[in-house]
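[1] Make a model of this:
(chains A and B)
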Number of protein chains: 2
Amino acid sequence: MTLDNISANKCFGGWNKQYTHRSAVLNCEMRFAIFLPPQISKGQKVPVLYWLSGLTCTDENFMHKAGAQRIAADLGIAIVAPDTSPRGEGVADDPDAGYDFGLGAGFYVNATQAPWNRHYQMYDYVVNELPELIEAHFPVSQQRAISGHSMGGHGALTIALRNPQRYSSVSAFSPISNPINCPWGQKAFTGYLGKDCESWKQYDASELMKQAETKLPALVDQGDQDGFLAEQLKPEALIAAAQASQYPLELRMQEGYDHSYFFMASFIEDHLRFHASHFGA
Amino acid sequence: MTLDNISANKCFGGWNKQYTHRSAVLNCEMRFAIFLPPQISKGQKVPVLYWLSGLTCTDENFMHKAGAQRIAADLGIAIVAPDTSPRGEGVADDPDAGYDFGLGAGFYVNATQAPWNRHYQMYDYVVNELPELIEAHFPVSQQRAISGHSMGGHGALTIALRNPQRYSSVSAFSPISNPINCPWGQKAFTGYLGKDCESWKQYDASELMKQAETKLPALVDQGDQDGFLAEQLKPEALIAAAQASQYPLELRMQEGYDHSYFFMASFIEDHLRFHASHFGA
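    A predicted model of the protein is given here:
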């Protein structure tokens, strides 16, 4: 596994970098962004927050807009932001399908349906291949947390719920909390997973949280003026699931906030401090 | 003068908004962004930081990428970010001229040469029309500071140096400090102002600072790994000018930083606290 460094910008005493690499899992070249806090220059191994972005995003949006590096530099946390789908020549797409399916909309699942199954294996990429790559090439510990926004909030919650041994905490902004019951999720899951709705449940945060046995600290922020709230996000399903399994979920409805990066920037410090408090010493 | 509100996002307890309006000075419709801190909801009139962006930017880049709202909300400062040139149908442009002249590259001057002089009057827009509009429509005081990046750093310095009575302090990131002696400035000034180099000096921060009588507190940050440093930015000219007039300029060379928003995000807090310290009580 080789990495090509394609950008490096000093930022809050650390470095914001981008790399490309050949992904065996996704069967294409991928790009990710990483923030390396200043603590690594002292030989310190730092924990990693994996950040999963939402529909239409790349590895760049969060790193440009959320203002997370300031706190990560302070707390000594690396941040890794993958792309939101496989990319490149030969990767299936359906331009008629809109912004919510195909390129930029991988939904963090392992597709089973042709032609999507040839590349769209974002679940395995985020759970296994990417952390292996990061832990082999950068001065990071095996302490991991995971977070994301919207489609990426769905990804963070489902990945943490299915792999609680791999993360010390999980958080999300405005997650698609119950994708099997909303238009974005139904469209994506039909395309990537086929029409058998049973197979969808393994990628539904509310279904998974209902039955969770090993439990992680979980923080969710949701704006109450989010235009996607009622139709697509359905935090009430997640709250009900947490009640059913007594899951330690803190879900905060934030008055007046919407679905944008202005919302995330306002509360990202809370999320980073939350994850820092759950990394071991 | 009427304003049309076209976006509103809650951000750090305040509001990030965009407005369009008809500019009499620029003879076209213009868009600007404003951050209104939470203090205005208590009926408080707040001071305003005018932010001038660099080449290719619009009113959005700084508001999306610099992370300034967090500190502005804390300190009770409004931020106003205008566009970087006139825009719209009928506004002259020369696509062959590149990214550094025409649309997105107004250089904060009053053009005297046809066809540019019909719309490119960014100096008057920023000095007079925009503050009048802001002070008529928003709960702001007449305390003003001004800052900017690159071309916008040039704009901030030249506007503050020529209008010290209108601002309490000035700052800049990576300003084009001596445009009459660099390719960006020579190209823009030839196009907008004509070939008489004498007329260029009224828009050159180093020329103006050399002769300054009324002096404002001035802070400049410059990355020492900025790819434009030697050819385009020339901070040494500004330092020499400050020495000649004993201007209270603090120019900080920041080790390892480049020309990007990652640099600005790293130090924007210092700039906001600097301006806050010079607003009257």
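
[2] who's in contact with the one residue in the stretch 51-200 of chain A that gets nearest to chain B?
    Relative to chain B, the nearest point of the stretch 51-200 of chain A is residue A:67 (3.7 Å; C-beta to the nearest C-beta). The way it works is simple: take the backbone N, C-alpha and C, and place the C-beta from them, glycine included. For residue A:67, the contact set (C-beta atoms under 8 Å, 6 or more residues apart in numbering or on different chains) comprises A:265, A:268, B:67, B:70, B:265.

[3] A strand includes the first one, no?
    Just to be clear, that refers to residue A:265. No: according to DSSP: H, G, I helix; E, B strand; the rest coil, the state of residue A:265 is helix, so it is not within a strand.

[4] Could I get the contacting residues of it?
    A:65-67, B:11-12, B:67, B:69-70.

[5] Please, which helix or strand holds residue A:220?
    Per DSSP states H and E, residue A:220 falls inside strand A:218-223.

[6] Which members of the contacts of residue A:265 occur in strands, if any?
    residue B:11 (DSSP state E).

[7] ok, for residue A:94, nearest residue in space, not its chain neighbours?
    Nearest non-adjacent residue to residue A:94, counting by C-beta to C-beta, 6 or more residues apart in numbering or on different chains: residue A:102, 5.1 Å away.

[8] Could you check the pLDDT of the residue nearest the centre of chain A?
    The centroid of chain A falls nearest to residue A:52 when counting by C-alpha atoms, centre = their mean (2.3 Å). Looking at residue A:52, its pLDDT is 98.

[9] Spell out which residues belonging to the stretch 1-150 of chain A are near chain B, please.
    A:9-13, A:16, A:64-65, A:67, A:69-70 (C-beta under 8 Å from any C-beta of the partner chain).

[10] farthest pair in the residues you listed?
    For the residues of the stretch 1-150 of chain A next to chain B, with distances taken as C-beta to C-beta, the pair at the greatest spread is A:13 and A:65 (20.0 Å).

[11] Where do the helices of the stretch 101-250 of chain A begin and end?
    In the stretch 101-250 of chain A, the helices defined using DSSP state H, counting those that start in this stretch lie at A:122-124, A:130-137, A:151-162, A:183-193, A:205-210, A:235-245.

[12] just the angle between the third one and helix A:235-245, please?
    Right, the one you point to is helix A:151-162. Relative orientation of helix A:151-162 versus helix A:235-245 (axes from the mean of the first three to the mean of the last three C-alpha atoms, to 10 degrees): 10 degrees.

[13] Can you name every helix or strand that helix A:151-162 contacts?
    strand A:46-52, strand A:140-148, strand A:169-173, helix A:205-210, strand A:218-223 (3 or more C-beta pairs under 8 Å, 6 or more residues apart in numbering or on different chains; DSSP states H and E).

[14] For the residue lying closest to residue A:194 once chain neighbours are set aside, grab the count of nearby residues.
    Excluding its sequence neighbours, the residue lying closest to residue A:194 (C-beta to C-beta, 6+ apart) is residue A:113, at 5.1 Å. By other C-beta atoms under 10 Å in any protein chain shown, the residues close to residue A:113 number 14.
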